[in-house]
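A.B. asks: Could you work out the structure for the sequence below:
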Amino acid sequence: MQEYIATPLDLAVIGAGHAGIEAALAAARLGVRTGLFTINLDAVANMPCNPSIGGTAKGHLVREIDALGGQMAKTADKLIIQARMLNRGKGPAVHSPRAQVDRDAYRREMKMIVERQPGLLLRQAEIVDIRLDENGRVCSVVTSQGAVYTCRAAIIATGTYLRSKTIIGSVTRSEGPDGLQSSKRLTDCLERLGLPLRRFKTGTPARAHSSTIDFSQIEEQQGDETITPFSFETTAQLENKILCHIAYTNEDTHRVIRENIDRSPLYAGEIEGAGPRYCPNIEDKIMRFAHKPRHQIFVEPMGLDTEEIYLQGASSSFPEEIQLQFYRTIKGFSRLEIMRCAYAIEYDCLDPLSLSSTLGLTGIPGLYGAGQFCGTSGYEEAAAQGLLAGINAAHYILGRPPLTLERSSSYIGTLIDDLTLKGCEDPYRMMTSRSEYRLLLRHDNADRRLTPIGREVGLISDSRWQDFTRKAQQIAAETARAKATTIPPSEELNRLLVSRGTSSMTTGAGFAELIRRPELDYKALALADSGRPELPPEVAEQVELDIKYEGYIQKQLALAEQMKKLDRIALPDGLDFAGITALRLEAREKLTKIRPQNLGQASRISGVNPADIAVLMVYLEQR
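C.D. replies: The predicted structure is shown next:
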């Protein structure tokens, strides 16, 4: 292969999926000359699985990406076709926005944004080599055509394309999602660099033709009347444009699957990679949960200009004819025709324990990872990592301090902390249960938590910062007014109290105390609050939540502060954990492998218990 020197870059981003796009846009917007490389330009921002954004905990990630200055939320808002707020029946900590978006329109819009971003070059090329200089730092990337792009840093965001293969029954193909080309040679390069790679697996259900589904036989799933946008900058009223539906498997479905289970590659031992724990194949659901009489299948359109329907919850690797058999046993699916078969896909990825909290590869300055390459599953997890990796790669090039996010600051911080300190044995999916600070990390206050950080980094514009500070001032002023206001008893107020199932008032009560009552809320109390100013709904929401859950919030803040104290106790570089014999053997092994930077990180490593932390504290005091 004849090599030649191509356009010089500061940063090379390998892969133009959701991680690569956020990384490349962030770096370019920070003034770093960036190249974004993809095997196929038509796969930029592709959604090979469900064209949905958000979901439980994932919606939090999207709003945090937006609060820091990322792109995903804005593009999703523009192309929503149906949206719902999940978990409304539970507390505000787990309310999560989710939306179906138009798949092709999203891909086109993101590609245009990338193409029009100053300082960002988009190239269709397969990267086959990452080269280091004599000091072990990234110095260039090389394409399969021999183009050598000099650079000072690189981000690997290859998704599910590394040495990927798809599996449908006994048919195995060396390809990536949607039949696109697999990336084979880059794995060889990463192995030469000494990166610890492993094999993961994911899958996707079939896509069906909408005209072959009897929608009268399945449940309608309406979107919300009032849609909460993902982006804090979105001011337009968003509308639902399509209906989604829900179908159910039945005993006939389960019988077909059980009778043909030996033809499933998953059960025949033909799949090598570890699959996602929280999104199993339909055959795995039937075999593992035999007591359940039915399983949900969410019937969701792929866009406004296509007849393709996504059958969420029914991923499979069965042969095509078995897929048709079991799908057609479902009520409303008796005439169903498959447009794209369900398939499993295996791919190479990184053991994330080799990453630092900046998403930099330990021991290789200038090399970063993001997305499914780092062991995660999902567009939102990928985009969140991409944004942080792009910021840190740019900071590395510009000589600025790295950005790390604490667990108590965000779900992004929780995600990265889990990956880099606990690792994962199967594709990692973000859930609200992964955070011990759920009430602090609500989706609705992501801007209050992270926009100041995005401003400091340089990704928040002047106009947006002015809007943010105005909102913060309004929240502070109204919260102070509410706490200082006493509401006198009145006939109108007492009627409200009785209608809400509580006793009437004979004496005045503090406005904040009334808000804290479970049966009352800020909006309903307007009839007794004559001094209330006109406020945007998002400001009123924050005032109410801050007051109503103040006690619980203070407890979580105290817990977070305790953990921060441990995070401030640094562990010396090169500390010989193996030589601290008072530590348990497992703790010595885990600490030596992961190399935590402080006691807080050490305390969160699986296999390191409080007694080990006490030993480390004594050791540090003696030193």
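
A.B. asks: for the stretch 201-350 of the chain, which spans come out with low pLDDT?
C.D. replies: Using pLDDT under 70 as the threshold, the predicted model of the stretch 201-350 of the chain has low-confidence ranges 278.

A.B. asks: Which stretches in it count as strands?
C.D. replies: Read by DSSP state E, counting those that start in this stretch, the stretch 201-350 of the chain holds these strands, from start to end of the chain: 219-221, 244-248, 296-301, 308-315, 338-340, 343-350.

A.B. asks: Return the residues in contact with T204.
C.D. replies: Neighbour list for T204: P48, C49, P177, S315, A342, Y343, I345 [criterion: Cβ atoms under 8 Å, 6 or more residues apart in numbering]. Backbone N, C-alpha and C define where each C-beta goes, glycine included.

A.B. asks: contacting residues around R500?
C.D. replies: E519, L520, A524.

A.B. asks: now that we have the residues you listed, which one has the most neighbours?
C.D. replies: Ranked by neighbour count (other Cβ atoms under 10 Å), the contacts of R500 have L520 at the top, with 19 neighbours.

A.B. asks: Distance of the residue nearest to that residue when sequence neighbours are not counted relative to R464?
C.D. replies: Excluding the flanking residues, the one nearest L520 by Cβ to Cβ, 6 or more residues apart in numbering is L514, at 5.5 Å. The spacing between L514 and R464, counted by Cβ to Cβ, to the nearest Å, is 34 Å.

A.B. asks: Between those two, which is the more surrounded one?
C.D. replies: In terms of neighbours (other Cβ under 10 Å), L514 is the more surrounded of L514 and R464; the figures are 25 against 17.

A.B. asks: Give the next helix or strand downstream of the helix or strand that contains the more buried one.
C.D. replies: In the assignment (DSSP states H and E), L514 maps to helix 511-516. Next along the chain after helix 511-516, taking DSSP H and E as the criterion, comes helix 537-548.

A.B. asks: where are the low-confidence patches of this structure?
C.D. replies: Under the criterion pLDDT under 70, the flagged ranges of the chain are 278.

A.B. asks: Scan it for its longest helix.
C.D. replies: Among the segments of the chain that qualify as a helix by DSSP state H, the longest is helix 462-484.

A.B. asks: now that one and helix 537-548, what's the angle there?
C.D. replies: Using axes from the mean of the first three to the mean of the last three Cα atoms, to 10 degrees, one finds that helix 462-484 and helix 537-548 are set 40 degrees apart in direction.

A.B. asks: What is the burial count for D573?
C.D. replies: By the measure other Cβ under 10 Å, the count of residues near D573 is 7.

A.B. asks: hang on, it is in a helix, isn't it?
C.D. replies: No - applying DSSP: H, G, I helix; E, B strand; the rest coil, one finds D573 to be coil, outside a helix.

A.B. asks: Give me the distance between it and R595.
C.D. replies: With distances defined as Cβ to Cβ, the gap from D573 to R595 amounts to 9 Å.

A.B. asks: cool, E219 as well?
C.D. replies: Counting by Cβ to Cβ, the gap from E219 to R595 is 51 Å.

A.B. asks: the residue most distant from the middle of the chain, which is it?
C.D. replies: T506 (50.2 Å; Cα atoms, centre = their mean).

A.B. asks: Am I right that it sits in a helix?
C.D. replies: No - following the definition three-state DSSP, T506 is coil and is not counted among the residues of a helix.

A.B. asks: need the contact list for the nearest residue to it once chain neighbours are set aside.
C.D. replies: For T506, ignoring the flanking residues on the chain, the nearest one in space by Cβ to Cβ, 6+ apart is P489 at 5.9 Å. Counting by Cβ under 8 Å, 6+ apart, P489 makes contact with S504, M505, T506, T507, G508.

A.B. asks: Phi, psi for the third one please.
C.D. replies: Read that as T506. T506 has phi and psi values of phi -110, psi -20 when expressed as degrees, to the nearest 10.

A.B. asks: Repeat that for the first one.
C.D. replies: Main-chain dihedrals, S504, degrees, to the nearest 10: phi -80, psi 170.

A.B. asks: what's L361 in contact with, if anything?
C.D. replies: L195, S354, L355, L367, Y368, G369.

A.B. asks: ugh, wrong one, C49
C.D. replies: For C49, counting by Cβ under 8 Å, 6+ apart, the contacting residues are T202, T204, Y310.

A.B. asks: just V94 next, same as before
C.D. replies: For V94, the contacting residues are T56, N87, T432, R438, taking Cβ under 8 Å, 6+ apart as the criterion.

A.B. asks: out of the residues you listed, which is most surrounded?
C.D. replies: Within these, neighbour counts (other Cβ under 10 Å) peak at T432, which reaches 22 neighbours.

A.B. asks: Any of the contacts of T204 buried? List them.
C.D. replies: Of the members of the contacts of T204, the ones counted as buried by neighbours, 16 or more other Cβ atoms under 10 Å, are P48, C49, P177, S315, A342, Y343, I345.

A.B. asks: ok, back up a step: select only the buried ones of the contacts of P489 in ChimeraX?
C.D. replies: The ChimeraX command for the buried members of the contacts of P489 (criterion: 16+ other Cβ under 10 Å) is given here:
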select :505
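
A.B. asks: would JSON lines of the contacts of P489 with distance to H209 be doable?
C.D. replies: Below are those laid out as JSON lines (distance: Cβ to Cβ, whole Å):
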{"residue": "S504", "distance to H209": "60"}
{"residue": "M505", "distance to H209": "61"}
{"residue": "T506", "distance to H209": "66"}
{"residue": "T507", "distance to H209": "67"}
{"residue": "G508", "distance to H209": "65"}
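
A.B. asks: closest to R108 among the contacts of P489?
C.D. replies: Of all the contacts of P489, the one with the least separation from R108 (Cβ to Cβ) is M505, at 57.9 Å.

A.B. asks: Any figure for the gap between the closest one and P488?
C.D. replies: Relative to P488, M505 is positioned 8 Å away (Cβ to Cβ).

A.B. asks: Leaving out chain neighbours, which residue sits closest to A524?
C.D. replies: Using Cβ to Cβ, 6+ apart and skipping the chain neighbours, the partner closest in space to A524 is L496 (6.2 Å).

A.B. asks: from what I can see the one you found touches D521, true?
C.D. replies: No - applying Cβ atoms under 8 Å as the test, L496 and D521 come out as separate, 10.6 Å apart.

A.B. asks: out of the two, which sits in the more crowded spot?
C.D. replies: More neighbours surround L496 than the other of L496 and D521, with 19 against 16 (other Cβ under 10 Å).

A.B. asks: How is the more buried one assigned, secondary-structure-wise?
C.D. replies: Counting by three-state DSSP, the backbone at L496 sits in helix.

A.B. asks: ok, now which ones touch it?
C.D. replies: By Cβ under 8 Å, 6+ apart, the contact set of L496 is L520, A524, L525, L527, A528.

A.B. asks: just R288 next, same as before
C.D. replies: P280.

A.B. asks: With G363 instead?
C.D. replies: In this structure, G363 makes contact with G136, G194, judged by Cβ under 8 Å, 6+ apart.

A.B. asks: What of K241?
C.D. replies: I80, I81, Q82, L304 are the contacts of K241 under Cβ under 8 Å, 6+ apart.

A.B. asks: give me that answer again for 6 Å
C.D. replies: With contacts taken as Cβ atoms under 6 Å, 6 or more residues apart in numbering, K241 has the following neighbours: I81.

A.B. asks: May I have the phi/psi pair for it?
C.D. replies: Taking degrees, to the nearest 10 as the convention, K241 sits at phi -120, psi -10.

A.B. asks: Distance of it relative to N46?
C.D. replies: K241 is 22 Å from N46, by Cβ to Cβ.

A.B. asks: Repeat that for R84.
C.D. replies: Separation of R84 from N46 (Cβ to Cβ) stands at 24 Å.

A.B. asks: These two: which is more packed in?
C.D. replies: A count of neighbours by other Cβ under 10 Å puts N46 above the other of R84 and N46, at 25 against 20.

A.B. asks: Understood, closing this out.
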